[in-house]
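Engineer: structure for the following, please:
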Amino acid sequence: MADAIAASLHYLSIFVLFALLTCEHILFRADLDHATARRLMRIDMAYGAAAGLVLFTGAARMIWFGKGWAYYLHNWVFHAKVSLFILVGLLSIVPTMTFFNWRNDLLAGKAPTITPAQARRTLMVIRLELLLLVCLPFLASLMARGVGVFN
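Structural biologist: Take a look at the predicted model:
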């Protein structure tokens, strides 16, 4: 039963992570108003929390409910999956820093100022994050089928 709960929490946190990043993609644009900018900052904070929950629940599944450390640490698909997730996390620094740089404008009650180049870069990074996240279920399904175990 605990295994099913851990798996469900892991999947749910992944869905929330993807949904929050999709919200960022939909809401982000160069000409933001104050309310939308504040909403994006809150969504980005929730996105970070969801990413932490994905890591926590994934680690819990690996340690207590999965096939054991040896299986995961000797599986190249697992390494690819974790590396891809880390890459998404590193990429997420770009939008987070963009939103963080708005804090003074937002505290002053103004809409943030963003250049077209910043807007394009941030939007492309969000899109790249979404693309990479879409690859993770494929790697997970390969791993679940025993693909990738080092001999």
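Engineer: for burial, what's the neighbour tally of the closest residue to residue 81 other than its chain neighbours?
Structural biologist: Using Cβ to Cβ, 6 or more residues apart in numbering and skipping residues adjacent in sequence, the residue nearest residue 81 is residue 139, 4.2 Å away. No exception for glycine: its C-beta is placed from N, CA and C like everyone else's. Neighbours of residue 139 under the rule other Cβ atoms under 10 Å: 20.
Engineer: do you know the pLDDT at residue 139?
Structural biologist: Residue 139 is assigned a pLDDT of 95 by the prediction.
Engineer: isn't it right up against residue 84?
Structural biologist: Yes - between residue 139 and residue 84 a contact is recorded at 7.0 Å, counting by Cβ atoms under 8 Å.
Engineer: so what pLDDT did residue 32 get?
Structural biologist: On the pLDDT scale, residue 32 is placed at 92.
Engineer: and residue 71, by the same measure?
Structural biologist: 81.
Engineer: OK, contacts around it?
Structural biologist: residue 149 (Cβ atoms under 8 Å, 6 or more residues apart in numbering).
Engineer: ditto for residue 110
Structural biologist: residue 34.
Engineer: now it, what's its secondary structure?
Structural biologist: On the three-state scheme (DSSP: H, G, I helix; E, B strand; the rest coil), residue 110 is labelled coil.
Engineer: quick check: it vs residue 30, distance?
Structural biologist: The gap separating residue 110 from residue 30 is 15 Å, by Cβ to Cβ, to the nearest Å.
Engineer: by contact count, what packs against the helix of greatest length in the chain?
Structural biologist: If you go by DSSP state H, the chain has its longest helix at helix 116-144. For helix 116-144, the elements it packs on are helix 2-27, helix 76-91, helix 93-100, judged by 3 or more Cβ pairs under 8 Å, 6 or more residues apart in numbering; DSSP states H and E.
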